[in-house]
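Asker: Here is a sequence together with a model predicted from it:
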Amino acid sequence: MRLKSSKVNEFRLWGLLLTMGGLLLMIIGTVGIVFKWGAVGQVIAAIFMILGLISVMTSMGVYFWAGMLSTSAVILQCPECGKTTKVLGKVDRCMFCKTILSLDPAHAPAEARPSDEIGRQA
Ligand SMILES: [Zn+2]
């Protein structure tokens, strides 16, 4: 799996794009009312309003989901840049320097493994 950004940032980006898109659709829809296109304008406005609302609702869902995921995310200090970042799932990227961070013990260098992990494997 290849990610350009960390998962938390990815979710925020999509949430933002959907919100912006939804608001834009609703603004475009009001053009039909502003220019007094009559019944046709009202229908166009209604369609864009509904599309905009769906987009905004979806973005809210994405934000909510991202929030739920963040609560289960592991907060750790990035070994590359030293900043505190969140890791979603087993492999994720640092939110600041995009370094790939893994929670899988198989990827960890031997000296970084917790002692009980080494004890169980021996
Ligand atoms: Zn980092």
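Answerer: Nice, I can see it.

Asker: Was I right to think L101 contacts M95?
Answerer: No: look at L101 against M95 with C-beta atoms under 8 Å: they stay out of range, at 10.0 Å. All C-beta spots, glycine's among them, are computed from the backbone N, C-alpha and C.

Asker: Show me whatever sits in contact with both of these two.
Answerer: Shared contacts of L101 and M95, defined by C-beta atoms under 8 Å, 6 or more residues apart in numbering, are found at T85.

Asker: Can you get me a residue count around M57?
Answerer: For M57, the count of nearby residues is 12 (other C-beta atoms under 10 Å).

Asker: check which helix or strand covers it.
Answerer: helix 39-72 (DSSP states H and E).

Asker: Got the domain ranges for this structure?
Answerer: 7-72, 74-121 (automatic domain parsing).

Asker: and the last one, anywhere near the ion?
Answerer: The reference is to domain 74-121. Yes: Domain 74-121 reaches the ion (C-beta under 5 Å from the ion) through 78, 80-81, 94, 96-97, 99.

Asker: Out of these, list just those in helices.
Answerer: Among the residues of domain 74-121 next to the ion, DSSP state H puts none in helices.

Asker: JSON lines for those, including neighbour count and pLDDT?
Answerer: Below are the residues of domain 74-121 next to the ion laid out as JSON lines (neighbours: other C-beta atoms under 10 Å; pLDDT from 0 to 100):
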{"residue": "C78", "neighbour count": "18", "pLDDT": "89"}
{"residue": "E80", "neighbour count": "14", "pLDDT": "88"}
{"residue": "C81", "neighbour count": "13", "pLDDT": "92"}
{"residue": "C94", "neighbour count": "23", "pLDDT": "90"}
{"residue": "F96", "neighbour count": "15", "pLDDT": "90"}
{"residue": "C97", "neighbour count": "14", "pLDDT": "90"}
{"residue": "T99", "neighbour count": "14", "pLDDT": "88"}
